[in-house]
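I need the structure of the sequence given here:
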Amino acid sequence: MPVIEYKCPNCGSGMVFDGETGTLTCHSCGRQDNIEQLSDPIANQFFSDEDKTLEYHCNSCGAVIMTEEETSATSCSFCGSAVVLGDRLSGKLAPVMVIPFSIPKEEAMKAFRKWCRNGLLTPKDFMTADRVKNITGLYVPFWLYDLDNHIEVHGRATKIRMYEQGDYRYTETRHFEIYRKIRLNYVKVPIDASEKMNDQLMDKLEPFPYDQLKSFKTQYLAGYIAEKYSYTDNELLPRVKDKIKHYIDSYIGSTVAGYNTVNYSDKQINTRLKNSDYVLLPVWMVYYDYNKKVYTFAMNGQTGKVVGKPPISPNKVMAWFAGIWGVSILSLKTISWLMGGGFW
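Numbering: from 1, shown residues only. Prediction:
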C-alpha cells in the first residue's frame, strides 16, 4: 500500500524532483510543478511503525521493490520509476525539514572530475578514463541540535614581564586566580543519524546552507534515494556534546587571552538539549574504481563541496619532497652568499 509514485497529469510518465529548477518535473513532456503548491500524499496520515515483513510493489509495473530496512525512497529496479515508501516517512519517522538537491547529476560529475584533477599528489592517470563506478543522490538523515551550555571555570594564570634596570635583567611574574561563568548557545549542530554513513566523511561536508531548509514534502525525494534514521536524537546526544567540546574550549581560551600561562583546576560544562529536529540533507555519493580498489567520495548536494581521500602517487610525493629540499638548499645558499659567503 504505502508506495507513492508521482505520475504526470499530462502524459502519465513518472515525475522526479529537479534540483536545478526546484520543481517536480516530467522529463517526457516537460511539465514542471511547484512543490510548495502541492499537497503531500502522506501529510496528516499516520502509519504504525514499520513492519519489516511488508512487501512493496511498484505501482507502474507490479514488480516487487527490494529495499533495505533503512530505505525510505528509491527507484524500481525493473522499470526505473521513482517511488517513496510512505510508511517509512510518517509518524515518528517523518522528517521535519529537508534541504533539497540543487546540483543535478551531470553537474555533480563535472565538479567531481574537476576536484580530482586539482589533486597535486594524485596519479596522472587518475582521471584519464571513466572510472566512476556509481554516483548516487542520497538524502542522508541528520539530527539538528539546539544546545544550551552553562560553563564554570576555575584556574590560575600568570603574566610575565622581563625588563632591564642598570646592569641587571629582571623577570617579574604576577599570579592570578581566574574564574569564568559562561553561557553558550549552539543552534543547528548537525549529526548524521545513518549507521551506514562514515561519520567523519559526513562531518567534513559541512556547512550545509540552513537557509535552504524546506518543510518536508515527499515530492523532494522523487528520483533520489533516501534513508531513515538509525539512531534517535537521545542516542546521538553524547556525540554532539563531544563535537561541540572543541568550540567550547576555544571560546573559554578566548576569555583568558593576555596571560602567559593558564592552568585550569576545575571546568564544569553542563549541556542541555533545547531542541532537536530530524532532517534530510542532500549528498552525492561517488564510488570510484582505481587499481582494483573502490574509493568513496561524498559531495554536498547544495554547495558542491567534495570530501574523500584520493589515491596518492608515490612518485609525486618524492618529487614534492625533492622540490622542497631543493628550494631550501637554494635559499640557504642565497642567504650565505648575501652575507658574504662561507657557508659552502
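
Give the residue spans of this protein that score low on pLDDT.
The model of the chain has pLDDT under 70 over residues 1-3, 42-55, 57, 61-64, 66, 77-80, 118-130, 311-344.

Please point out which parts of stretch 94-108 sit buried.
Judged by neighbour count using 16 or more other CB atoms under 10 Å, the buried positions of stretch 94-108 are 94-95, 97-104, 108. In short, each C-beta sits where N, CA and C put it, glycine included.

Quick check: of these, which lies closest to residue 253?
residue 99 (32.5 Å; CB to CB).

surely the closest one meets residue 280?
Yes: the criterion here is CB atoms under 8 Å, and residue 99 meets it with residue 280 at 7.4 Å.

list the residues that contact both of the two?
Residues touching both residue 99 and residue 280 (CB atoms under 8 Å, 6 or more residues apart in numbering): none.

a markdown table for the buried residues of stretch 94-108, including secondary structure?
Listed next are the buried residues of stretch 94-108 as a markdown table, based on DSSP: H, G, I helix; E, B strand; the rest coil:
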| residue | secondary structure |
| --- | --- |
| 94 | coil |
| 95 | coil |
| 97 | strand |
| 98 | strand |
| 99 | coil |
| 100 | coil |
| 101 | coil |
| 102 | coil |
| 103 | coil |
| 104 | coil |
| 108 | helix |
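
Does residue 142 lie in a helix or a strand, and which?
In this assignment (DSSP states H and E), residue 142 forms part of strand 132-165.

and residue 69, how many neighbours?
Residue 69 has 10 neighbouring residues, counting by other CB atoms under 10 Å.

my read is it is in a strand, agree?
No: using three-state DSSP, the assignment for residue 69 is coil, not a strand.

any idea how far it lies from residue 194?
Here the criterion is CB to CB, to the nearest Å. By it, residue 69 lies 12 Å from residue 194.

Now do the helices in the stretch 201-344 of the chain.
237-255, 314-338 (DSSP state H, counting those that start in this stretch).

what sits up against the first one?
I take that to be helix 237-255. Outside helix 237-255, the residues that touch it by CB under 8 Å, 6+ apart are 143, 145, 147, 149, 151, 153, 180, 182, 184, 186, 189, 191, 199, 203, 262, 267, 269, 271, 273.

picking that back up, which strands or helices does the helix or strand just after the strand holding residue 142 pack on?
The helix or strand immediately downstream of strand 132-165 is strand 168-192, counting by DSSP H and E. When contacts are defined as 3 or more CB pairs under 8 Å, 6 or more residues apart in numbering; DSSP states H and E, strand 168-192 sits against strand 132-165, helix 199-204, helix 237-255, strand 261-290.
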